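1. Need a 3D model of the sequence below.
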Amino acid sequence: MNIMNFLIDISTEMIAGTIIFILGFIGAKLPHSVDKYKLRKFFGDALFKNDCSIVYGMLTKIPDENIELKKPLYEKKYHDGKGWKVPLFSTVTSDGLFQSHSYIVQSLASFRKKSFVILTDKEALKNLNSTFICLGGSIINELTQWAINEKSNEFLKFSIPKILYETPITIDVISDSTNKLSFKSSAEKDYGMILKIKNSRFPKHYFFVCAGIRTTGSISAAWYLSEKWKNLQNEFGNKEFGIVLEVNKGIITSATRVYP
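-> Residues are numbered from 1 along each chain as shown. From the prediction side, this is the model:
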């Protein structure tokens, strides 16, 4: 009888241990699985494949012999020949765009089997059959402007003067044309936007835009997307959207949502 009780006790402990192990294993895996499901709903299937790219823009340096004192040092030309002279390169792009890239990669890489494909805007425009995460505003990244020009974008756009900085660059709310709600940077504040827009030519894909009026706004948008994608997914699900962020100059993690 004592042996029987002993065997029963051993069996009970083994079963209990196995159950605890299984529950612990499930408990460890479940949050990751839930996040992966939400990511799929938010970013689409492309995030888990090789057709999701991070895209940054490039400026071209104007040859020294064409530069006069206080004239632009860089320029941006779109594929159709349009573009801007850029008088203050450091305000448009810098190593900060690589910082933007690192936020996205660190947040999402654990859900992917392969590394992200990193492209310039010129490279990305050669094949639009992909989901793109566009870093930087329209001045630096042509693909950002491509996404903004999509017909389904009823959210936000940049207003950019023909000659930069003669008048302020603004982020404008498209759906509020009556009140003309817009945001412009100041000495203390910058503004960024996050857009999710369907890729009209390839409906299974999306454009995600992380762009600011200046570099701080662009980096803060990338940081916000990487940190707050769950909140955005809970709010918008798989729908398109556009939000505006306000950020203190130089303090990326101070980004707060101000619209809508």
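
2. Now stretch 245-256: buried residues?
-> 245-247, 252, 255 (16 or more other C-beta atoms under 10 Å). Glycine gets a C-beta too; all of them are placed from N, C-alpha and C.

3. no, scratch that, I was asking about stretch 118-133
-> Buried-residue list, stretch 118-133, by 16+ other C-beta under 10 Å: 119, 121, 124, 130-133.

4. what do you get for stretch 149-168?
-> Neighbour-count burial for stretch 149-168 [16+ other C-beta under 10 Å]: 150, 153, 155-158, 160, 164.

5. Nearest to Leu47 among those residues?
-> Proximity of those to Leu47 (C-beta to C-beta) peaks at Glu150, which lies at 19.3 Å.

6. ok, that closest one - contacts?
-> Taking C-beta atoms under 8 Å, 6 or more residues apart in numbering, we find Glu150 in contact with 197-200, 207.

7. ok, 10 Å please
-> By C-beta atoms under 10 Å, 6 or more residues apart in numbering, the contact list for Glu150 reads 195, 197-201, 206-207, 240.

8. and the buried residues of stretch 149-168, which of them are in strands?
-> 156-158 (DSSP state E).

9. The spatially most central residue of the chain: which element?
-> Central residue of the chain (C-alpha atoms, centre = their mean): Cys210, 4.1 Å from the mean position. Assigned by DSSP states H and E, Cys210 falls within strand 206-212.

10. quick one: strands adjacent to that strand?
-> strand 131-135 (parallel), strand 189-198 (antiparallel) (DSSP bridges).

11. which of those strands is buried the deepest?
-> A comparison of the strands paired with strand 206-212 by mean neighbour count, using mean count of other C-beta atoms under 10 Å, puts strand 131-135 on top with a mean of 27.
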